[in-house]
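Chemist: Return a 3D structure for these sequence lines:
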Amino acid sequence: MIPWWAMAVVVFGANFTLWGLIGLIRLLDGWRSARLRGGRTRAPVAELSTRRRARAPQRARQVRIRDVAVLMAAHNEELVITESLRAITALVPARNVHVVSDGSTDRTVELARAAGVNVTATEGNLGKAGALQVGIARFDLVRRFRAVMLLDADTRVERGYFGAALPLFDDPGVVAVAGCVRTSWRDRNLSVAGRLVAFHRQRIYTMTQYLLKFGQTWRRLNATHIVPGFASVYRTDVLPSIEVNPPGLVIEDFNMTFEVYQKGLGKVGFTPAAVAATQDPGRLRDYVRQSKRWSLGLWQTVRRHPPRPNLFSAMLALLLLELLTSSAMLVLLPVVVVVLLVPLALPGALVLPWFAPVHAVVAGYLTFPALLLGIVLPDLLLTLVVAVLQRQPRFLLYAPLYLPLRVLDSAIALYSLPLAWRTRSGRWRSPQRRGSPAAGDSGARAG
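Modeler: Numbers count the residues shown, from 1 in each chain. Alright, predicted model coming up:
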């Protein structure tokens, strides 16, 4: 019989436990450092709050806002690009913002020019990575700027972003800063199913950013598997060493992160205070399509980068092993539940020669109390934690439906694994956008 606690460890993982504890150590380390510097005892929590960071003493920054270029690749983003450009040009000069229209056939170029930013267009659809490569070269960003923010066309950067992110570059070893993503749903007129998808994605973001990435980007142990491409900043002097657009990859951000670590270029910084809101898919079909793309991109990047004797490869191996084991268990969960339920509804089923041995095997290892304590209740507890952290009680209304979506995510992860050895694509198709009611004919991609 598999004990419930072992099931919980397999499904929810040693990764969350390990890096969550390291994240706590990071907080305590920051607290101690602040006290040694004569700062307030609450100073380390500044990493979790832009407001508190603003109260802390400011050091001379190596990278200032005027040193940052913003590079946005956009493919048919007329519904969202105006709002995104309005948000970013409120924080950085418009002359620092650069848009590459990647084969757009709508008003993307027109709206970008109307926003007063630098605009260029590719000949045909190159894919996001190809468009970024074109923009870096065509706008001469490496020579002209000290850092470049890669920004998705549906992402609105919040006001505290640069005040929280740029000080991380005070550490000369930090070459990239990962943004903290928040899903945008309030102004999108989403259906009930659309809100379920958005809340599920926010739940994932909250758990991975607070329980994984915050610990993974501690200065003493630095190894995170992704610097997400929705709103993250790189030092421009490392870009020539990163292959932004290698052939055969469907997304670029996993590969760029792997190259930072496997080429020894430096560390990744992260603070939950550097927030940007992105428009996740508002329909289940678009969510499945995007999730397949992300999962395929991860496996393709793993295939491209053989493991090396370093912390990053060890961390990645643990992450992938746990991804496979937890995904397999979650995919089998509905089958297990059905096998355990059938005899309760149809007692005569146990006399069937093909069903009886299957039920005996399953019941010998799993019971409903073990499933409840090892999977269902921990999942509900995580939902409660996320609702508290996000200050969104309405997340709890969808609590029973998040676990089925996790089963779907697991199926996608396993389905995408063999495709990484057969699928080669660098082109993109954005999910269906929904413009903000306040945006008029404008409007607001993660990953």
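Chemist: Going by C-alpha atoms from here, please, whenever you check contacts or count neighbours.
Modeler: OK.
Chemist: Regarding Ala149, what is its secondary structure?
Modeler: That one is not Ala; residue 149 is Met. Put simply, Met149 is strand when judged by DSSP: H, G, I helix; E, B strand; the rest coil.
Chemist: Could you check how far whatever residue is furthest in space from the centre of the chain is from Ala363?
Modeler: Most distant residue from the mean C-alpha position of the chain: Val351, 48.7 Å away (C-alpha atoms, centre = their mean). Going from Val351 to Ala363 by C-alpha to C-alpha, to the nearest Å gives 15 Å.
Chemist: do Val275 as well
Modeler: 46 Å.
Chemist: Look at those two and report which has more neighbours.
Modeler: Using other C-alpha atoms under 10 Å as the criterion, Val275 and Ala363 rank with Val275 on top: 23 against 15.
Chemist: what about the nearest residue to that one once chain neighbours are set aside, which helix or strand?
Modeler: Excluding the flanking residues, the one nearest Val275 by C-alpha to C-alpha, 6 or more residues apart in numbering is Cys180, at 4.6 Å. Counting by DSSP states H and E, the element that carries Cys180 is strand 174-183.
Chemist: again with Val119
Modeler: Applying DSSP H and E, one finds Val119 within strand 118-121.
Chemist: For that strand, which strands pair with it and how are they oriented?
Modeler: With DSSP bridges as the test, strand 118-121 is paired with strand 97-101 (parallel).
Chemist: So what angle separates the directions of the partner strand and strand 147-151?
Modeler: Note on geometry: by axes from the mean of the first three to the mean of the last three C-alpha atoms, to 10 degrees, strand 97-101 and strand 147-151 are set 50 degrees apart in direction.
Chemist: can you list the residues that contact strand 97-101?
Modeler: Residues outside strand 97-101 that contact it (C-alpha atoms under 8 Å, 6 or more residues apart in numbering) are 69-76, 89, 108-109, 112, 117-122, 131-132, 134-135, 139.
Chemist: Try it again at 6 Å.
Modeler: 69-75, 117-121 (C-alpha atoms under 6 Å, 6 or more residues apart in numbering).
Chemist: Select the longest strand from the chain.
Modeler: strand 267-278 (DSSP state E).
Chemist: how far out from the middle of the chain is that strand?
Modeler: In terms of C-alpha atoms, centre = their mean, to the nearest Å, the centre of strand 267-278 is set 10 Å apart from its chain centre.
Chemist: for the record, mean pLDDT for that strand?
Modeler: Strand 267-278 shows a mean pLDDT of 96.
Chemist: Give me the buried positions along the helix or strand that that strand is followed by.
Modeler: Going down the chain from strand 267-278, the next helix or strand is helix 284-304, by DSSP H and E. Using 16 or more other C-alpha atoms under 10 Å as the test for burial, helix 284-304 gives 286-288, 290-302.
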